[in-house]
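Q: Fold the following, please.
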Amino acid sequence: MEDKLLTRDGKLLLSSVLLNSIPFGYMNVVPLVYLAEIGYDPSVIGLIYAASALANTVGLIPFGFLADRYGRKWFAIVGSLIPFVSYAIFGLTLNPEWLIFAGALGGIGFAGGFAYAIANPALIPMIASAASGRNRTMFFGVTQGTWTLALSIGAVLSVLPSAFGYIFKQSSMVSHSESYFIMAGLMVVSIVPLLFYKESKVVLSGPILPGGVPQHVGRRFDRVRTRFPVTSWGKIVRFSVTFGLTGVGLGVLVQLLPTWFALRFGVSEDAVGLWIGLANAVSIVAIPIIPRLVSRRGTLASSAITGISASVFLAVMPFAGTFEGAAGLFVVRTALEAMAWAMLLSYTMGVVTEAERATTTGIAFTAWGIGATVGTFVGGELLGAGLLSLPFVIGVLSFIAASMTLPLFFGGAKPPEEA
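A: Numbering: from 1, shown residues only. Below you'll find the model as predicted:
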């Protein structure tokens with residue numbers, strides 16, 4: 001492997017992530033506000049997004065095993081293309097049953113539905129393999145920055161419906177429908193870089209040494225079917241607890257924040273989208289800090305510290321008297337959480353064997369999806385009942401607990417490049 005940060009495959013993956021995540025950012029702002037504006041009960045909105053998290057949990061484990069065994073590229077392609085159908089459904093109907101089905105199918109909600117259950121267990125190991133061990137954490141940071149840039153663009157594009165309405169004299173419903181179809185088309189374009197990605201299949205040809213490193217690792221560009229036992233169960237279980245708690249916090253609170261902003265301050269999707277876009281843009285500026293943190297404290301401790309710090313800013317948001325004050329706190333929280341998440345993913349991929357990365361991703365993200373499912377359903381019910389502060393209590397405690405499990409579960413264990 002080339003020992004540089006941005007390899008050819010790394011650039012292709014970043015291009016796909018950028019194009020694929022712009023619609024994702026859009027769909028995690030606009031429907032959450034628009035559906036509330038036209039009279040949807042917040043509990044129904046929560047159900048649409050909870051369906052996304054629930055469907056995500058169904059496929060993660062089997063597709064993680066399949067990606068490790070048969071190759072990851074085509075799972076990433078298929079999973080990235082499925083949201084085209086979901087966005088088309090949003091563009092065609094406001095029927096809640098169909099929107100719940102579209103949510104489950106994929107492309108909305110931070111869990112991403114069934115589509116991301118196919119794509120993510122393949123894509124995350126592909127990202128881990130696109131850089132050397134020495135550059136892996138920084139490359140995850142760059143990927144996180146690319147993802148947040150795309151989310152920022154998608155959030156800022158929340159002005160599209162009002163712009164279409166003003167320019168073309170259309171109704172709000174027609175303007176929103178057209179914007180969803182544009183997002184669907186962008187999903188198709190996003191798979192083009194993946195078509196040029198050259199996959200190398202990891203083949204184990206020897207026993208696993210202490211620390212999770214295979215004695216002999218060979219690479220071939222054909223898809224070789226391999227059989228191997230899973231050797232990282234202890235780590236996978238511990239990561240699953242951490243990811244599950246993170247999912248609860250995200251589902252009960254962060255997933256539904258655009259709806260919370262609309263209910264608490266009466267703001268429009270344009271205003272919410274601009275601030276969320278700003279939050280994601282600031283996160284990109286924070287990414288270069290990651291190597292400094294890691295060099296001083298290590299990946300594990302740095303992830304825990306930034307995760308707890310992010311939770312503090314989240315906890316203060318309900319006490320802000322203005323929308324701008326609450327949104328400003330969310331900007332800082334988002335930047336800190338982006339760093340924590342990038343470091344957590346890098347650490348996870350670093351301490352398990354390379355051939356089991358998709359399996360680990362599938363199982364850990366299943367726990368994350370279960371937490372997000374329960375959290376989003378509960379959060380929607382709480383908002384529907386007018387309990388606007390309680391989601392913050394549950395969410396903040398879940399995020400803090402997740403960060404605290406890292407030193408508790410893994411102690412001083414370091415990935416190979418730090419050892």
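Q: how far away is the residue nearest to residue 320 when sequence neighbours are not counted from residue 34?
A: Leaving aside its chain neighbours, residue 320 sits nearest to residue 326 (3.8 Å; criterion: Cβ to Cβ, 6 or more residues apart in numbering). Placement of C-beta: from N, CA and C, glycine included. For residue 326, the distance to residue 34 equals 20 Å [Cβ to Cβ, to the nearest Å].
Q: picking that back up, residues touching the residue nearest to residue 320, list them.
A: Neighbour list for residue 326: 261, 264, 265, 317, 318, 320 [criterion: Cβ atoms under 8 Å, 6 or more residues apart in numbering].
Q: Now with 10 Å, please.
A: With contacts defined as Cβ atoms under 10 Å, 6 or more residues apart in numbering, the neighbours of residue 326 are 257, 260, 261, 264, 265, 275, 316, 317, 318, 319, 320.
Q: ok, and the closest non-adjacent residue to the fifth one?
A: I take that to be residue 265. Counting by Cβ to Cβ, 6+ apart, the residue nearest residue 265 is residue 323, at 3.9 Å.
Q: quick one: contacts for that neighbour?
A: Residue 323 touches 261, 262, 264, 265, 266, 267, 271, 272, 275, counting by Cβ under 10 Å, 6+ apart.
Q: run the last query once more with 7 Å
A: Residues near residue 323 by Cβ atoms under 7 Å, 6 or more residues apart in numbering: 261, 265, 267.
Q: again with residue 89
A: Going by Cβ under 7 Å, 6+ apart, residue 89 touches 98, 102.
Q: go again using 10 Å as the cut-off
A: With the criterion set at Cβ under 10 Å, 6+ apart, residue 89 makes contact with 95, 98, 99, 101, 102, 103, 105, 107, 180, 184.
Q: Residue 179 and residue 269, how far apart?
A: Distance of residue 179 to residue 269, given as Cβ to Cβ: 11 Å.
Q: Name the residues contacting each of these two.
A: Listed as contacting both residue 179 and residue 269 by Cβ under 10 Å, 6+ apart are 30, 34, 158, 159, 160, 161.
Q: Residue ranges in this structure under the pLDDT threshold?
A: Across the chain, the ranges flagged by pLDDT under 70 are 1-3, 133, 200-231, 419.
Q: One more pass at 80, please.
A: Counting by pLDDT under 80, the ranges of the chain that qualify are 1-5, 131-134, 199-232, 412-413, 416-419.
Q: can you put the shared contacts of residue 179 and residue 269 in a markdown table and add distance to residue 358?
A: Listed next are those as a markdown table, based on distance: Cβ to Cβ, whole Å:
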| residue | distance to residue 358 |
| --- | --- |
| 30 | 32 |
| 34 | 36 |
| 158 | 34 |
| 159 | 38 |
| 160 | 35 |
| 161 | 38 |
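Q: So for the chain, the centremost residue is which one?
A: Of all residues in the chain, the one closest to the mean position by Cα atoms, centre = their mean is residue 110, 5.4 Å from it.
Q: So it sits against residue 250, correct?
A: Yes - using Cβ atoms under 10 Å, residue 110 is in contact with residue 250, at 5.7 Å.
Q: so what sits against both of those two?
A: With contacts defined as Cβ under 10 Å, 6+ apart, the residues shared by residue 110 and residue 250 are 53, 368, 372, 376.
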